[in-house]
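Novice: predicted coordinates and the sequence they were generated for:
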Amino acid sequence: MRQELHAQAFDEVIRQVAIDCVERGRYLVWRLVDMIVSIAQLLLRVRDQSKMTIAAYQTLYNSSVIFAIKKQVQADQGKAERERTIEELQKKKKILQNKAYYTLHRNSSDLCNFN
């Protein structure tokens, strides 16, 4: 609505100037057309810049998703390996505890037999 009122006001100013002086009216029309072309060019630049920005953000997003997936896969692979290591260490711990128990038990029974 507001744009239409501005357009009508410009048209009326141009019409009145053209009535008083044809050359000035033509000049105003030419300047108005030149301004519209300049605005259109600026809008095209803004549109292109926006497209480039969006494309850059999409590339960044895709790269970060790929990176996150790779890290998750690495973490999952390392997890299985760590679980195997834990199981092996728990087995060794159990064996050592048994050895310590039998060693202690044997030493205490040797002391009892000594008396």
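Specialist: Cool, got the structure.
Novice: could you identify the helix or strand that succeeds the helix or strand of the chain with the lowest mean pLDDT?
Specialist: Within the chain, no helix or strand scores below helix 2-20, which has a mean of 81 by mean pLDDT, DSSP states H and E. Moving toward the C-terminus from helix 2-20, the next helix or strand (DSSP states H and E) is helix 22-114.
Novice: tell me the angle that next one makes with helix 2-20.
Specialist: 160 degrees (axes from the mean of the first three to the mean of the last three CA atoms, to 10 degrees).
Novice: quick check: mean pLDDT across helix 22-114?
Specialist: If you average the pLDDT over helix 22-114, you get 88.
Novice: which helices and strands does that helix pack with?
Specialist: helix 2-20 (3 or more CB pairs under 8 Å, 6 or more residues apart in numbering; DSSP states H and E). Every C-beta, even on glycine, is put in place using the N, C-alpha and C of the backbone.
Novice: list the contacts of Glu87.
Specialist: Contacts for Glu87 were tallied using CB atoms under 8 Å, 6 or more residues apart in numbering; there are none.
Novice: quick check, central residue of the chain?
Specialist: Nearest to the geometric centre of the chain sits Tyr61, at 4.0 Å (CA atoms, centre = their mean).
Novice: how close does that one sit to Gln72?
Specialist: Using CB to CB, to the nearest Å, Tyr61 is found at 16 Å from Gln72.
Novice: Asp48 now?
Specialist: Remark: distance between Asp48 and Gln72 (CB to CB) = 36 Å.
Novice: if we can go back for a sec, by contact count, what packs against the least confident helix or strand of the chain?
Specialist: Using 3+ CB pairs under 8 Å, 6+ apart, the elements in contact with helix 2-20 are helix 22-114.
Novice: check the offset of the helix it packs on from the chain's centre.
Specialist: The chain centroid and the centroid of helix 22-114 are separated by 10 Å under CA atoms, centre = their mean, to the nearest Å.
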